[in-house]
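Colleague: The sequence isn't on hand, but the structure is:
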């Protein structure tokens with residue numbers, strides 16, 4: 001069977017400014033995700049941003065390619081809008097044959113964006129920078 005591709009478009013999504021009681025800060029642009037699949041397996045290029053976006057995408061995926069196993073999520077580059085949804089996949093009990101832990105992914109992508117400035121100690125606390133541990137050294 002030849003390889004096939006499907007494209008899923010995540011609609012524009014408003015986001016709220018932190019600590020403002022829900023005041024809108026802007027709108028994330030639409031995002032396109034590419035699903036490449038063969039007879040039994042599939043590969044996803046990048047992920048949605050939010051948990052609800054990722055959950056809707058997972059529903060679409062299961063309807064679009066039923067019975068196929070998602071084996072790989074390929075993250076194109078370090079900007080967080082390309083990989084934030086990765087943790088939702090892991091929470092949904094997806095496992096990938098060449099998977100990295102979310103901590104490994106975060107460290108790799110942050111080091112890609114900010115060489116010699118990313119503080120890997122943040123990883124022991126997960127993504128929650130609100131704990132007071134600086135995510136980046138030298139800022």
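Modeller: Perfect, thanks for sending it. Bear in mind that the values here come from a model prediction, so they are computed numbers and not experimental data.
Colleague: Start and end of stretch 58-73, how far apart?
Modeller: Stretch 58-73 has an end-to-end distance of 13 Å (CA to CA, to the nearest Å).
Colleague: Could you do stretch 43-62 as well?
Modeller: One end of stretch 43-62 sits 13 Å from the other (CA to CA).
Colleague: quick one, helices of this structure?
Modeller: 51-64, 86-91, 102-113 (DSSP state H).
Colleague: rank those helices by pLDDT, which is bottom?
Modeller: Lowest mean pLDDT within the helices of the chain: helix 102-113, a mean of 62.
Colleague: Would you map the strands across this protein?
Modeller: Applying DSSP state E to the chain gives strands spanning 4-10, 13-16, 24-28, 31-37, 41-45, 69-74.
Colleague: Dump those to CSV, plus distance to residue 57.
Modeller: Every residue, glycine included, has its C-beta placed from N, CA and C. Compiled in CSV, the strands of the chain are given as follows (distance: least, CB to CB, whole Å):
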stretch, distance to residue 57
strand 4-10, 6
strand 13-16, 12
strand 24-28, 14
strand 31-37, 7
strand 41-45, 9
strand 69-74, 11
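Colleague: domain assignment for the chain?
Modeller: As given by automatic domain parsing, the domain ranges for the chain are 4-99, 102-139.
Colleague: Now stretch 35-43: buried residues?
Modeller: Buried residues in stretch 35-43, defined by neighbour count with 16 or more other CB atoms under 10 Å: 35, 37, 42, 43.
Colleague: which intervals of this protein have sub-threshold pLDDT?
Modeller: Residue ranges of the chain with pLDDT under 70: 77-78, 80, 83, 87, 89-139.
Colleague: Many thanks, I have nothing further to ask.
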